[in-house]
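Colleague: After the sequence you'll find the predicted model.
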Protein chains: 2
Amino acid sequence: MADRPHVVIIGSGFGGLFAARAFAGKHVDVTLISKTAQHLFQPLLYQVATGILSEGEIAPTTREVLRRQKNVQVHLGQVSRIDLESRTVHYAMLDKHMRMSYDYLIVSAGSSQSYFGNDQFARYAPGMKTIDDALEIRGRIFGAFERAELSADPKDVARLTTFVVVGAGPTGVEMAGQIAELAYRALPDEFHNFDTRSSRVILLDAADQVLGTFGDRLSGKAQRALERLGIDVRLGQKVVDVDARSIVVEHSDGTRERIEAFMKVWAAGVQASPLGKQLGEQTGASVDKSGRVSVQQDLSLPGHPEVFVIGDMMSLDDLPGVSPVAIQGGRHAARLIAARVDDPGFTEPFQYFDKGSMATISRFSAVAQVRDFRTAGFIAWVLWLGVHLWYLIGFKHRLTTLLHWTVSFIGRGRAERAVTTQQVIARRAIEDHGPGYNPLIDSN
Amino acid sequence: MADRPHVVIIGSGFGGLFAARAFAGKHVDVTLISKTAQHLFQPLLYQVATGILSEGEIAPTTREVLRRQKNVQVHLGQVSRIDLESRTVHYAMLDKHMRMSYDYLIVSAGSSQSYFGNDQFARYAPGMKTIDDALEIRGRIFGAFERAELSADPKDVARLTTFVVVGAGPTGVEMAGQIAELAYRALPDEFHNFDTRSSRVILLDAADQVLGTFGDRLSGKAQRALERLGIDVRLGQKVVDVDARSIVVEHSDGTRERIEAFMKVWAAGVQASPLGKQLGEQTGASVDKSGRVSVQQDLSLPGHPEVFVIGDMMSLDDLPGVSPVAIQGGRHAARLIAARVDDPGFTEPFQYFDKGSMATISRFSAVAQVRDFRTAGFIAWVLWLGVHLWYLIGFKHRLTTLLHWTVSFIGRGRAERAVTTQQVIARRAIEDHGPGYNPLIDSN
């Protein structure tokens, strides 16, 4: 039998993790390199940001998830360079610089929040892509209410309790819905000097629909459900400036409006990992403006059948940047690589099976579409609940998550509201260093 | 009926929280001022530090706990000065400076870790007093294993996997026990390049017993149980230096030894809030070297029957700095104050009811003493479990905690292991600013 080929996977998101799992029992050795020690279940990040779940529940340690697979090693490190010619990946952790050669490479380094060229907005309107983002937003939301309680100035209170969510895709809709639940249902009892029910929750998008990908009917239903919750849904409005105290929008007629708001969240737009650009430069594969690399039908890089680019980093047939595309892409790449141990030239085109998509609006209310079947309301919410529990990694996380959901949806409590000093220190440091500062990996 | 007196409580620990609760339905108005938004259940902090519980489970938001008490307001702020003559408390949050007058004052600002004059140790050996401490230690423990996995140098691996706990009181014993559980039972499957079972866990104390307050018999049993777990228990050894890579101890014969260790925890010694010293200066009440104020038999400050000092800040009859003393002190002060609405001169001496004490060593093993009844092993552990669940605040936290305990004690998993970028940033900032830096409150 041939030597066991060495597969390097970059990233521990849905693509990377499900690729690694698909190698269970296969005759390959796998090294998964990731800049975080966790696998993040990103679809529930907004629940960490609003105090429903703990960060551990949606972010199990990758090596714990993979502990039974003796053929997988997990390395913590930031990949700085992929050298396709020598088949080597360069990565670093703190002051340790390492490289690793591969026979096969799966690049699934994902994407970060995009501010469309306005990176300075990040300081005032954190994104919704990492655990740090969620904890930062959690600290800002609960911190805003704490500060409002101490203020005697009604204008100050109004500014502190105006919450603006930019981007009306699933993440933005879910964030706005949960902030409204907090302000209008969970917190009113707790504050004596102002009424949290007077809070304003604004959901903004430059497009003219919420949840545009769900089609006109569900989009309209979702918008009405959000408005019934008390959310100010503003469509066709583009963000042109953000600072510590406010956000400025441009209406479709070109007029501008400044909204006084302490708390802003940015849930609009993503940018693929810069590794995509590197791969484009080394192969001539086209890279779109979001940084995604055009791949072959089998998800391999043009001219490099040993390299697969998957998930948010790949561009193929207009497939969206959602978790099922990454999961199925990871499994597909792993299957081809495993098959090539016995049949070196084996390949097959990737076929995406669309299982549908869903988004919650508030407790007991969601929208869901599975191909031509579309539904909104309670049934959709029950579907959402089941699917998300099913996909959460690990029995223990499913159990505690179900408990926390019971607390928050049947009751009105939020179990996870702790705000740490670390967060505040971190915010200041990021402000000094600029967004993207990653001291876990960067040693300076 | 007389005006409702205004009671100010400083601190949201056991003393402050239980005082506030004892005012439920009483004819007083209460303002609780605290520098954290949470009430911390400190006895389980080591479980957050070792990945068993989330920070939310042991640190519910104070205003949520008190939400049904309409006569209690909660203010987030750092108290800088108590003016006994004008009966005013000065406090600040960010750039907002506030003051509040009181008719009665309960000072329960607690204590912080003491390094016995060696504050520079804090950078390398974090304490075990706050959520930030626990998250910092969690990050260091799991980070040490991640770094060891990437190292090819056996000396480096040995240094990274040597864990030193300073202080063999309950917190130190529990930390050492849980680090041993992690290294020897929970993590071995997850690492491929080294064996976590080769880790060294060292428990150090200058005294010649572990758990000295539990008496010779239980102390001996606890020590043997720790040693059976694989822990190196070193007594009569005093820490004389700590740096990033090692810790230096002095043996009783005066010889010194350097132990190479990346990870150190400081669980020895406490220092009462500096507000104690202020109260001493204004009244002439004696303040001991740990910063505790001598109080009258009714817990009031000499010459100031309207001011009570409780919990870790008070010195009375050699009562220990444990949670039952703080809880009962808070209730006592509240009862006297409430009674004085109708009977202005009312007072009664504080009588401490000793319910006993307990400490866990590892899963299924603990020591407990209730007056003359002493027990060690499984029975003590079941007692420990029941008492701690009972005292946890909030039904939802009890349920998820029980689940997490099932996962960790019956299974071997650790549900809460997430390490954030914020922590790493924070560590660097604290190193720059020195220990005690609190940017949540300090605006500079």
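Modeller: In hand now; what should we look at?

Colleague: my guess is residue A:174 is in a strand, correct?
Modeller: No: judged by DSSP: H, G, I helix; E, B strand; the rest coil, residue A:174 forms no part of a strand; its state is helix.

Colleague: Quick check: it touching residue A:358?
Modeller: No: between residue A:174 and residue A:358 there is no contact under Cβ atoms under 8 Å: 10.4 Å. C-betas here are computed from N, CA, C, even on glycine.

Colleague: These two: which has the busier surroundings?
Modeller: Taking other Cβ atoms under 10 Å in any protein chain shown, residue A:174 and residue A:358 do not tie; residue A:174 has more neighbours (26 against 23).

Colleague: chain center to the lengthiest helix in chain A: distance?
Modeller: The longest helix of chain A (DSSP state H) is helix A:131-149. Its chain's C-alpha centre and that of helix A:131-149 lie 19 Å apart, by Cα atoms, centre = their mean, to the nearest Å.

Colleague: Which neighbouring elements make contact with that helix?
Modeller: helix A:45-49, helix A:55-58, helix A:154-160, strand A:263-266, helix A:421-433, strand B:72-76, helix B:421-433 (3 or more Cβ pairs under 8 Å, 6 or more residues apart in numbering or on different chains; DSSP states H and E).

Colleague: again, only using 7 Å
Modeller: When contacts are defined as 3 or more Cβ pairs under 7 Å, 6 or more residues apart in numbering or on different chains; DSSP states H and E, helix A:131-149 sits against helix A:45-49, helix A:154-160, strand A:263-266, helix A:421-433, helix B:421-433.

Colleague: Report the buried residues of the third one.
Modeller: In terms of neighbour count (16 or more other Cβ atoms under 10 Å in any protein chain shown), strand A:263-266 has its buried residues at A:263, A:264, A:265, A:266.

Colleague: The last one contacts residue A:113, doesn't it?
Modeller: Right, the one you point to is residue A:266. Yes: counting by Cβ atoms under 7 Å, residue A:266 touches residue A:113, with 6.0 Å between them.

Colleague: joint contacts of the two?
Modeller: Shared contacts of residue A:266 and residue A:113, defined by Cβ atoms under 7 Å, 6 or more residues apart in numbering or on different chains, comprise residue A:127.

Colleague: where in chain A is pLDDT low?
Modeller: Applying pLDDT under 70 to chain A flags the ranges A:1-2, A:395-396, A:420-444.

Colleague: Repeat the analysis, applying 80 as the threshold.
Modeller: Scanning chain A for pLDDT under 80 picks out A:1-3, A:94-95, A:392-401, A:403-415, A:417-444.

Colleague: list the contacts for the spatially most central residue of it?
Modeller: Compute the mean C-alpha point of chain A, and by Cα atoms, centre = their mean the closest residue is residue A:129, 3.8 Å away. For residue A:129, the contacting residues are A:112, A:113, by Cβ under 7 Å, 6+ apart.

Colleague: do you know how far it is from residue A:282?
Modeller: 26 Å (Cβ to Cβ, to the nearest Å).

Colleague: What is the burial count for the closest residue in space to residue A:171 that isn't next to it in sequence?
Modeller: In this structure, residue A:171 finds its nearest non-sequential neighbour in residue A:267, 4.3 Å apart by Cβ to Cβ, 6 or more residues apart in numbering or on different chains. Other residues near residue A:267 come to 29 when the count uses other Cβ under 10 Å.

Colleague: swap in residue A:410?
Modeller: Look at residue A:410: counted by other Cβ under 10 Å, it has 10 neighbours.

Colleague: all strands of the stretch 151-300 of chain A, in order?
Modeller: Per DSSP state E, counting those that start in this stretch, the stretch 151-300 of chain A carries strands over the ranges A:162-166, A:200-205, A:232-235, A:238-242, A:246-250, A:256-260, A:263-266, A:270-272, A:293-294, A:300-301.

Colleague: which strands and helices sit next to the fourth one?
Modeller: Taking 3+ Cβ pairs under 7 Å, 6+ apart as the contact definition, the neighbouring helices and strands of strand A:238-242 are strand A:246-250.

Colleague: Now the strand it packs on: buried residues?
Modeller: Buried residues in strand A:246-250 (16+ other Cβ under 10 Å): A:246, A:247, A:249, A:250.

Colleague: pull the CA atoms of stretch A:217-231 into CSV?
Modeller: Below are the C-alpha coordinates for stretch A:217-231, written out as CSV (Å, rounded to 0.1, in the frame of the first residue of the first chain):
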residue,chain,number,x,y,z
ARG,A,217,-43.4,36.8,0.4
LEU,A,218,-41.2,35.7,3.3
SER,A,219,-39.3,39.0,3.2
GLY,A,220,-42.5,41.0,3.6
LYS,A,221,-43.7,38.7,6.4
ALA,A,222,-40.4,39.1,8.2
GLN,A,223,-40.5,42.8,7.9
ARG,A,224,-44.0,43.0,9.3
ALA,A,225,-43.0,40.7,12.1
LEU,A,226,-40.0,42.9,13.0
GLU,A,227,-42.2,46.0,12.9
ARG,A,228,-44.8,44.4,15.2
LEU,A,229,-41.9,43.8,17.6
GLY,A,230,-41.3,47.5,17.6
ILE,A,231,-38.3,47.6,15.4
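
Colleague: and that stretch, how far out from the chain's middle?
Modeller: How far stretch A:217-231 lies from its chain's middle: 23 Å, per Cα atoms, centre = their mean.

Colleague: Make sure the residue nearest to residue A:171 is actually in contact with residue A:173.
Modeller: No: using Cβ under 7 Å, residue A:267 is not in contact with residue A:173, being 8.7 Å away.

Colleague: and the end-to-end length of stretch A:251-271?
Modeller: 25 Å (Cα to Cα, to the nearest Å).

Colleague: Quick check: residues of the stretch 1-150 of chain A near chain B?
Modeller: A:37-38, A:54-56, A:59, A:61, A:63-64, A:67, A:73, A:75-76, A:93, A:96, A:98, A:131-132, A:135, A:142, A:146, A:150 (Cβ under 7 Å from any Cβ of the partner chain).

Colleague: 8 Å - rerun?
Modeller: On the criterion Cβ under 8 Å from any Cβ of the partner chain, chain B has as its neighbours in the stretch 1-150 of chain A the residues A:37-38, A:51, A:54-57, A:59-61, A:63-64, A:67-68, A:70, A:73-77, A:93-94, A:96, A:98, A:130-132, A:135-136, A:142, A:146-147, A:149-150.

Colleague: Make a PyMOL selection of the buried ones in those residues.
Modeller: One line in PyMOL is enough to select the buried members of the residues of the stretch 1-150 of chain A next to chain B, burial here meaning 16+ other Cβ under 10 Å:
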select buried, chain A and resi 37+38+51+54+55+56+57+59+60+61+63+64+67+73+74+75+76+77+93+94+130+131+132+135+136+142+146+147+149+150
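
Colleague: With adjacent residues omitted, what lies nearest to residue A:19?
Modeller: Closest to residue A:19 by Cβ to Cβ, 6+ apart is residue A:330, at 3.5 Å.

Colleague: Not counting sequence-adjacent ones, nearest residue to residue A:151?
Modeller: Spatial nearest neighbour of residue A:151, excluding adjacent residues (Cβ to Cβ, 6+ apart): residue A:157 at 5.2 Å.

Colleague: how much space is there between the one you found and chain B?
Modeller: With distances taken as Cβ to the nearest Cβ, to the nearest Å, residue A:157 is found 13 Å from chain B.

Colleague: same check, this time on residue A:324
Modeller: Computed as Cβ to the nearest Cβ, the residue A:324 to chain B distance reads 24 Å.

Colleague: Tell me if I am right that residue A:418 is in a helix.
Modeller: No: assigned with three-state DSSP, residue A:418 falls outside any helix and is coil.

Colleague: so it makes contact with residue B:38?
Modeller: Yes: in this structure residue A:418 lies within contact range of residue B:38 using Cβ under 8 Å: 5.5 Å.
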